[in-house]
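Colleague: sequence first, predicted coordinates after that:
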Amino acid sequence: MDYFKLQNGSDIRGVALEGIEGQHVNLTKEACLDIGRGFALWLMNKCGKKQGIRVAVGRDSRLSGQTLCSYICSAMVEQGILVTDFGMASTPAMFMACITKGYEFDGTVMITASHLPFNRNGFKFFTKDGGLEKADIKEILTLASDTLTSGLEKGKLEKSEFMDAYSKILTDKIKDQTGEQKPLDGFKIVVDAGNGAGGFFVDKVLKPLGAITLGSRFLEPDGSFPNHIPNPEDKTAMQSITEAVKQVGADLGIIFDTDVDRAGAVLSDGSELNRNRIIAMLSAILLREHPGTTIVTDSITSTGLKEFIESKGGIHHRFKRGYRNVINESIRLNNLGQDSQLAIETSGHGALKENYFLDDGAYLVTKLLIELAKGKKQGYTLESIIADLKEPKESVEFRMNILLDDFKEYGLKVIDELTEYAKNQNGWEIAPSNYEGIRVNLDKAHGNGWFLLRMSLHDQLLPLNVESDDVGGAKTIATELAKFIKNYDKLDAVKLFDFVK
């Protein structure tokens with residue numbers, strides 16, 4: 001098969017189980033064995049050696065995880081790799097296994113497909129330099145498609161675990177920053193792990209720090225995800241953690257995605273802390289610690305967030321969608337001498353300079369826990385930190401499929417022509433310093449907000465985001481846009497047209 005079809009940016013993803021109509025297994029045993037061989041050969045080239053290379057493998061709770069683990073481990077052992085199977089782990093922990101003293105693996109593999117349905121799975125790869133880039137994945141798949149081998153004698157496979165060591169990193173951080181051994185003593189904190197890999201956070205982080213965790217839910221790993229999708233962006237998931245907070249009167253609710261590289265939260269008043277709100281919270285914290293720093297976000301963050309960051313003395317650098325894009329942009333700015341402490345998407349993928357620019361949901365939560373504990377001593381709450389964040393009255397997204405095989409050319413044509421169209425519309429102003437698609441600000445008479453039309457990173461569609469500071473403003477903006485969009489018959493804009501009726 002064409003293994004390059006399994007590449008999903010800087011990850012490998014595919015269908016690992018039957019069960020959804022029209023989706024047939026392409027992450028086969030043969031594919032996994034070849035990918036394992038490809039990674040082994042790639043890592044040998046990366047390390048500049050063949051002998052003594054050590055690789056750890058972890059997985060989330062997916063039903064296919066153990067099987068895929070056995071395949072990729074056996075393939076690497078065949079190439080002479082010394083493999084350690086960590087069992088259940090989180091994606092961020094697998095990077096930390098490359099740099100934590102006493103472990104320091106040459107490379108690691110995380111078996112996950114993040115928040116995707118139960119039948120999907122995939123691989124993420126790490127070295128001490130961080131997560132692999134798109135070009136690295138392409139090289140691994142090129143090697144997987146070939147028949148090269150290392151020519152070495154078999155390596156070895158052993159079993160171990162790493163989550164105790166990883167959890168200690170988090171608890172030590174909180175103790176150090178608060179100056180207390182049990183800084184969460186008396187706080188009611190609930191976790192919704194969505195039956196993913198995040199259940200460890202209760203017993204290994206919160207309880208040792210003194211937190212009361214009664215009311216936490218769905219901590220047991222179950223790859224069928226019987227309660228809800230483990231995804232902080234999912235409405236049902238957020239309703240679940242909100243309900244848990246209200247039931248026990250918790251001081252904080254925490255929700256993780258399947259592999260714990262993303263997190264969301266619910267504050268004690270029942271308000272959700274995700275998307276623009278969690279970016280604002282983390283920005284405020286980091287701007288106290290690093291005045292004037294630059295916050296890099298994706299392209300669909302709100303006008304109110306930009307104003308909030310600037311009011312705290314920071315610089316808001318709105319960049320492209322894609323967590324690797326925002327992370328790499330933040331790293332680029334730092335390399336140019338412009339301090340940037342946070343790179344974060346509205347999806348909840350967030351990476352801090354102080355934490356190796358690793359997108360780690362559990363680490364983001366540690367920042368919140370530190371503030372929770374400090375606030376109790378100093379007389380402020382988490383809610384107060386973002387009390388002056390101006391939030392939009394309305395926000396809506398339309399995902400418009402492109403009904404052509406050559407969809408990219410058509411999508412770019414729509415964006416280019418909309419850019420020219422926007423220049424001549426009353427009350428429209430094309431946003432400066434826009435890195436993706438076209439973003440237009442509209443004045444009070446034309447909807448009092450903005451829209452962004454862009455190409456999807458991976459799918460055959462144009463996402464359209466509309467936001468307004470007025471009730472009814474989103475419909476005003478969408479109505480003006482519909483006049484333009486109706487001219488493109490290869491764009492499925494039915495939901496947009498239904499919205500403006």
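Modeller: Ah, there it is. Numbering: from 1, shown residues only.
Colleague: and the helices in the stretch 401-501 of the chain?
Modeller: For the stretch 401-501 of the chain, the helices defined by DSSP state H, counting those that start in this stretch cover 407-422, 473-485, 494-500.
Colleague: restricting to C-alpha, output the shortest one in CSV.
Modeller: What follows is helix 494-500, C-alpha atoms only, in CSV (Å, rounded to 0.1, in the frame of the first residue of the first chain):
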residue,chain,number,x,y,z
VAL,A,494,-25.7,24.8,2.5
LYS,A,495,-25.2,25.4,6.2
LEU,A,496,-24.2,29.0,5.6
PHE,A,497,-27.2,29.6,3.4
ASP,A,498,-29.5,28.0,6.0
PHE,A,499,-28.0,30.1,8.7
VAL,A,500,-28.8,33.4,6.9
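Colleague: among the helices of the stretch 401-501 of the chain, which is nearest E383?
Modeller: Closest approach to E383 among those (Cβ to Cβ): helix 473-485, 26.3 Å. For every residue, glycine as well, the C-beta is placed using N, CA and C.
Colleague: I'd like to know which elements the closest one is packed against.
Modeller: Counting contacts by 3 or more Cβ pairs under 8 Å, 6 or more residues apart in numbering; DSSP states H and E, helix 473-485 is packed against strand 394-402, strand 449-453, strand 461-468, helix 494-500.
Colleague: that helix to helix 407-422, inter-axis angle?
Modeller: 110 degrees (axes from the mean of the first three to the mean of the last three Cα atoms, to 10 degrees).
Colleague: got a list of contacts for helix 473-485?
Modeller: With contact meaning Cβ atoms under 8 Å, 6 or more residues apart in numbering, helix 473-485 is reached by 393-396, 398, 400, 418, 421, 425, 442, 446-451, 464, 466-468, 470, 491, 493, 496-497, 499-500.
Colleague: now that helix: mean pLDDT?
Modeller: Helix 473-485 comes out with an average pLDDT of 97.
Colleague: now do stretch 459-466
Modeller: Mean predicted lDDT for stretch 459-466 stands at 96.
Colleague: buried ones in it?
Modeller: L461, L462, P463, L464, N465, V466 (16 or more other Cβ atoms under 10 Å).
Colleague: any idea which of those residues is closest to V190?
Modeller: N465 (31.3 Å).
Colleague: ignoring the adjacent residues along the chain, who's closest to N195?
Modeller: Leaving aside its chain neighbours, N195 sits nearest to D222 (4.0 Å; criterion: Cβ to Cβ, 6 or more residues apart in numbering).
Colleague: hang on, the earlier thing: show me which of the contacts of helix 473-485 are buried.
Modeller: 394-396, 398, 400, 418, 421, 442, 446-451, 464, 466-468, 470, 491, 493, 496, 499-500.
Colleague: next up, the contacts around the nearest residue to P92 once chain neighbours are set aside.
Modeller: Ranked by Cβ to Cβ, 6+ apart and with sequence neighbours excluded, the top spatial neighbour of P92 is D360, at 3.6 Å. By Cβ under 8 Å, 6+ apart, the residues touching D360 are T91, P92, V260, D261, G350, A351.
Colleague: give the burial count for the second one, as a bare number.
Modeller: The reference is to P92. 27 (other Cβ atoms under 10 Å).
Colleague: my guess is it contacts T366, does it?
Modeller: No - using Cβ atoms under 8 Å, P92 is not in contact with T366, being 11.2 Å away.
Colleague: for the stretch 101-250 of the chain, what spans make up the strands?
Modeller: Taking DSSP state E, counting those that start in this stretch to define them, one finds strands in the stretch 101-250 of the chain at 107-111, 120-127, 130-131, 156-159, 189-192.
Colleague: dump those strands to JSON lines, plus mean neighbour count.
Modeller: Formatted as JSON lines, those follow (neighbours: other Cβ atoms under 10 Å):
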{"stretch": "strand 107-111", "mean neighbour count": "28"}
{"stretch": "strand 120-127", "mean neighbour count": "24"}
{"stretch": "strand 130-131", "mean neighbour count": "20"}
{"stretch": "strand 156-159", "mean neighbour count": "11"}
{"stretch": "strand 189-192", "mean neighbour count": "29"}
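Colleague: of those strands, which is nearest K101?
Modeller: That would be, of the strands of the stretch 101-250 of the chain and by Cβ to Cβ, strand 107-111, which comes in at 15.6 Å.
Colleague: give me the residues contacting the closest one.
Modeller: With Cβ under 8 Å, 6+ apart as the criterion, strand 107-111 contacts 39, 43, 46, 53, 55-60, 62, 65, 68-69, 72, 89, 91, 94-95, 97-98, 121-127, 259.
Colleague: OK, contacts around M400?
Modeller: So M400 contacts L461, L462, P463, L464, I485, L491, D492, A493, K495, L496 (Cβ under 8 Å, 6+ apart).
Colleague: list the beta-bridge partners for it.
Modeller: Applying DSSP bridges to M400 yields these beta-bridge partners: L462.
Colleague: which element is R277 on?
Modeller: Element membership for R277, per DSSP states H and E: helix 275-289.
Colleague: report the separation between the residue minimising distance to the centre of the chain and N45.
Modeller: Taking Cα atoms, centre = their mean, the centroid of the chain lies closest to H349, which sits 3.0 Å from it. Distance, H349 to N45, using Cβ to Cβ, to the nearest Å: 29 Å.
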